[in-house]
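Trainee: Whatever this is, show me its structure:
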Amino acid sequence: MVDASHEAFDGNVAITRKIVDMAHACGVPVEGELGYVAGVEGEDAEKHPGEVIYTSVDEAKAYVDQTRVDFLAVSVGTVHGRMKGKPVLDFDRLQQINEALNIPLVIHGGTGLSDEQFSKLIANGVSKINYYTALADAAGSKMRANVDADDRCGYTGIVSGIQDAIRAEVERCMVNWGSAGQADEVLAVSEAWQPVHHVIIFNTDADDAQVAHVLSEGQKILSRIPGVRRVVTGNAVQENEKYKFTWLIEFVHESVIDSYRDHPDHVAFADKLFRPIAGDRLSIDYTEN
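Mentor: Numbers count the residues shown, from 1 in each chain. Now for the predicted structure:
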């Protein structure tokens with residue numbers, strides 16, 4: 001989730017697109033934000049004045065086209081924190097954005113809305129609702145009740161039951177918003193997140209010092225490529241093995257196979273350092289069973 005909505009439109013696009021490119025290369029979807037939702041999470045919104053900047057349909061379409069975000073957080077009248085008075089939401093604007101984009105929409109500043117407002121948000125494309133303040137308030141109410149019941153209680157007594165209080169509010173929201181009981185349906189269309197092992201075995205006529213240099217440089221360079229979890233090198237244990245040296249490079253996701261192959265740092269290392277000494281090599285990408 002990246003929020004560059006405080007930037008001008010072009011700056012927001014540039015920052016978001018940079019993160020999208022990196023995240024998509026690792027198989028990770030991205031939520032961007034357009035418009036301005038006033039306030040600060042967990043605090044009264046009137047303490048943090050700022051004009052709400054509504055998301056426009058035309059800018060939303062241009063933003064999604066240029067950034068390729070998977071989710072878009074929009075501003076249609078909510079605020080972070082506790083709101084003074086009843087929020088008035090621009091559902092017509094939300095409907096137009098939803099019809100223009102056809103991607104999951106996100107609402108920041110979900111605390112303080114009525115059940116009817118939540119239902120209308122969801123009916124108009126909202127699939128994620130940020131809901132911090134109400135949960136923090138549930139925890140705070142439980143803590144105050146614990147102190148009222150025993151004003152000499154220590155830390156463990158003060159925080160006793162907080163998880164249950166938050167759990168009850170989360171369950172209430174899930175039931176009201178229609179997400180309760182959907183686990184089987186979600187799992188049916190979900191793919192398991194599987195890391196990929198990129199294995200290279202090779203022989204070389206280079207001397208030991210040159211091989212050590214290439215392997216050392218490779219560990220430093222390749223480990224910095226987005227999506228690479230770790231880089232391990234090794235020598236064959238048995239002297240008579242067909243291949244003497246190996247790389248084990250762990251990717252976080254299958255998408256990294258392509259992005260790693262085309263990454264300029266990998267291309268430069270492979271072309272200038274590795275391939276010149278490792279003409280006899282095999283490589284394979286595999287996942288664990």
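
Trainee: for residue 61, helix, strand, or coil?
Mentor: Secondary structure for residue 61, judged by DSSP: H, G, I helix; E, B strand; the rest coil, is helix.

Trainee: the helices in the stretch 101-250 of the chain, which residues?
Mentor: Assigned by DSSP state H, counting those that start in this stretch, the helices in the stretch 101-250 of the chain fall at 115-123, 133-149, 155-158, 162-177, 183-188, 208-222.

Trainee: What residues of the second one count as buried?
Mentor: By neighbour count, with 16 or more other C-beta atoms under 10 Å as the criterion, the buried positions of helix 133-149 are 133, 134, 135, 136, 138, 139, 142, 143, 146. All C-beta atoms are positioned from the backbone trio N, CA, C, and that covers glycine.

Trainee: Surely the first one touches residue 111?
Mentor: By that I understand residue 133. Yes - between residue 133 and residue 111 a contact is recorded at 3.9 Å, counting by C-beta atoms under 8 Å.

Trainee: Distance from the chain centre to stretch 95-105, please.
Mentor: 20 Å (C-alpha atoms, centre = their mean, to the nearest Å).

Trainee: List the buried residues of that stretch.
Mentor: For stretch 95-105, burial by neighbour count (16+ other C-beta under 10 Å) applies to 95, 96, 97, 98, 101, 103, 105.

Trainee: Closest one of those residues to residue 28?
Mentor: Taking C-beta to C-beta as the measure, residue 28 lies nearest residue 103 of the buried residues of stretch 95-105, at 15.7 Å.

Trainee: who touches residue 217 in this structure?
Mentor: Going by C-beta atoms under 8 Å, 6 or more residues apart in numbering, residue 217 touches 269, 273.

Trainee: Same question for residue 93.
Mentor: Neighbour list for residue 93: 54, 55, 57, 76 [criterion: C-beta under 8 Å, 6+ apart].

Trainee: Surely the second one is in a helix?
Mentor: What it means is residue 55. No - residue state for residue 55 (three-state DSSP) corresponds to coil; a helix is not indicated.

Trainee: how many neighbours does residue 124 have?
Mentor: Residues lying near residue 124 (other C-beta atoms under 10 Å) number 19.

Trainee: Now it: phi and psi?
Mentor: phi -110, psi 30 (degrees, to the nearest 10).

Trainee: ok, residue 89 - how many residues close by?
Mentor: 17.

Trainee: Am I right that it is in contact with residue 117?
Mentor: Yes - contact status for residue 89 versus residue 117: in contact at 6.0 Å, counting by C-beta under 8 Å.
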